[in-house]
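Q: return atomic coordinates for the entry below.
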Amino acid sequence: MHQIPYHPPAHTGLALLHCDDALLIVDKPAGLLSVPGRGEGMQDCLAARVQAEYADALIVHRLDLATSGILVFARGAAMQRALSVAFQSRAVEKGYVAEVEGLLAEDAGSVDLPLITDWPNRPRQKVDHAIGKPSLTHWQVVSRNRSTHSTRVALTPVTGRSHQLRVHMQAIGHPILGDALYGTTRGQAAAPRLLLHAATLTLPHPVSGTLLRIRSDAPF
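A: Okay, the predicted model is just below:
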């Protein structure tokens with residue numbers, strides 16, 4: 001099992017993007033767990049930090065430790081159920097921004113490759129055409145940087161598999177810069193963190209049904 005040392009960023013206050021009686025939307029910093037991890041010294045996480053200020057907050061979905069950006073918390077169990085149904089029924093649209101290694105030849109495309117946990121090397125995931133779960137990601141080039149030989153892309157996951165965006169970009173030969181699990185040596189050295197950010201979220205409000213459109217600019 002590949003164990004990455006945990007050094008959470010200092011808590012300098014919650015970056016709230018939306019707050020009402022039904023839900024909270026928070027900007028998660030890179031390097032912070034969404035929920036407590038297993039083992040000693042793994043309790044500091046965004047859920048704990050949010051619950052210290054909003055005791056009824058319950059997490060609805062997660063982001064990887066290394067990924068920054070938009071994360072949704074429900075206010076109470078009933079709202080958690082309603083929001084979980086919205087996520088599971090794909091009524092929620094999520095958009096990410098990433099900086100990947102190399103210059104993508106096309107301007108847009110899709111990666112349709114089944115994924116499964118690579119058990120001897122977990123938490124790594126891998127493409128497995130025999131027993132992997134269907135996984136689909138759409139990508140679109142935002143800009144190309146020829147001096148750094150990298151490409152900024154907008155990523156839209158249709159499914160929500162663990163590490164999906166990271167494995168899919170690696171699988172097409174363009175791993176995300178700063179990726180300690182899937183990146184090349186050059187790509188890992190090119191950034192101090194994983195350059196993946198949950199940048200947009202559109203979801204129906206669990207009480208009013210009004211579409212909430214949340215945006216968080218990538219900090220890279």
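
Q: checking the closest residue to Asp107 other than its chain neighbours next. Helix, strand or coil?
A: Sequence neighbours aside, Val141 is the residue nearest to Asp107 in space, at 5.0 Å (criterion: C-beta to C-beta, 6 or more residues apart in numbering). C-beta coordinates here come from the backbone N, C-alpha and C atoms, glycine included. Judged by DSSP: H, G, I helix; E, B strand; the rest coil, the three-state class of Val141 is strand.

Q: isn't Val141 up against Ala108?
A: Yes - the pair Val141 and Ala108 passes the contact test of C-beta atoms under 8 Å, sitting 6.7 Å apart.

Q: next, the distance between the ends of stretch 187-198.
A: Taking C-alpha to C-alpha, to the nearest Å, stretch 187-198 runs 20 Å from one end to the other.

Q: ditto for stretch 34-47
A: End residues of stretch 34-47 are separated by 6 Å (C-alpha to C-alpha).

Q: for that stretch, buried residues please.
A: 34, 44-47 (16 or more other C-beta atoms under 10 Å).

Q: what about the spatially most central residue of the chain, which SS state?
A: In the chain, the centroid-proximal residue (C-alpha atoms, centre = their mean) is Leu63; its distance is 4.0 Å. Put simply, Leu63 is coil when judged by three-state DSSP.

Q: kindly report the same for Val26.
A: Val26 ends up strand, using three-state DSSP.

Q: and Gln188, by the same measure?
A: Gln188 ends up helix, using three-state DSSP.

Q: next: Leu165.
A: helix.

Q: could you find the closest non-adjacent residue to Ala86?
A: Looking at Ala86 with C-beta to C-beta, 6+ apart, the closest residue is Val92, at 5.4 Å.

Q: that neighbour: neighbouring residues, count only.
A: Counted by other C-beta atoms under 10 Å, the residues lying close to Val92 total 18.

Q: against Leu63, how distant is it?
A: Distance from Val92 to Leu63, counting by C-beta to C-beta, to the nearest Å: 14 Å.

Q: do the same with Arg152
A: 19 Å.

Q: all strands of the chain, in order?
A: 16-19, 23-28, 57-59, 68-75, 93-101, 108-112, 115-117, 125-127, 136-145, 150-157, 196-204, 211-215 (DSSP state E).

Q: could the ones you listed go into JSON lines alongside distance to Ala10 and mean pLDDT?
A: Listed next are the strands of the chain as JSON lines, based on distance: least, C-beta to C-beta, whole Å; pLDDT from 0 to 100:
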{"stretch": "strand 16-19", "distance to Ala10": "18", "mean pLDDT": "98"}
{"stretch": "strand 23-28", "distance to Ala10": "14", "mean pLDDT": "98"}
{"stretch": "strand 57-59", "distance to Ala10": "21", "mean pLDDT": "98"}
{"stretch": "strand 68-75", "distance to Ala10": "15", "mean pLDDT": "98"}
{"stretch": "strand 93-101", "distance to Ala10": "24", "mean pLDDT": "98"}
{"stretch": "strand 108-112", "distance to Ala10": "36", "mean pLDDT": "98"}
{"stretch": "strand 115-117", "distance to Ala10": "32", "mean pLDDT": "98"}
{"stretch": "strand 125-127", "distance to Ala10": "30", "mean pLDDT": "98"}
{"stretch": "strand 136-145", "distance to Ala10": "30", "mean pLDDT": "98"}
{"stretch": "strand 150-157", "distance to Ala10": "28", "mean pLDDT": "98"}
{"stretch": "strand 196-204", "distance to Ala10": "19", "mean pLDDT": "98"}
{"stretch": "strand 211-215", "distance to Ala10": "25", "mean pLDDT": "98"}
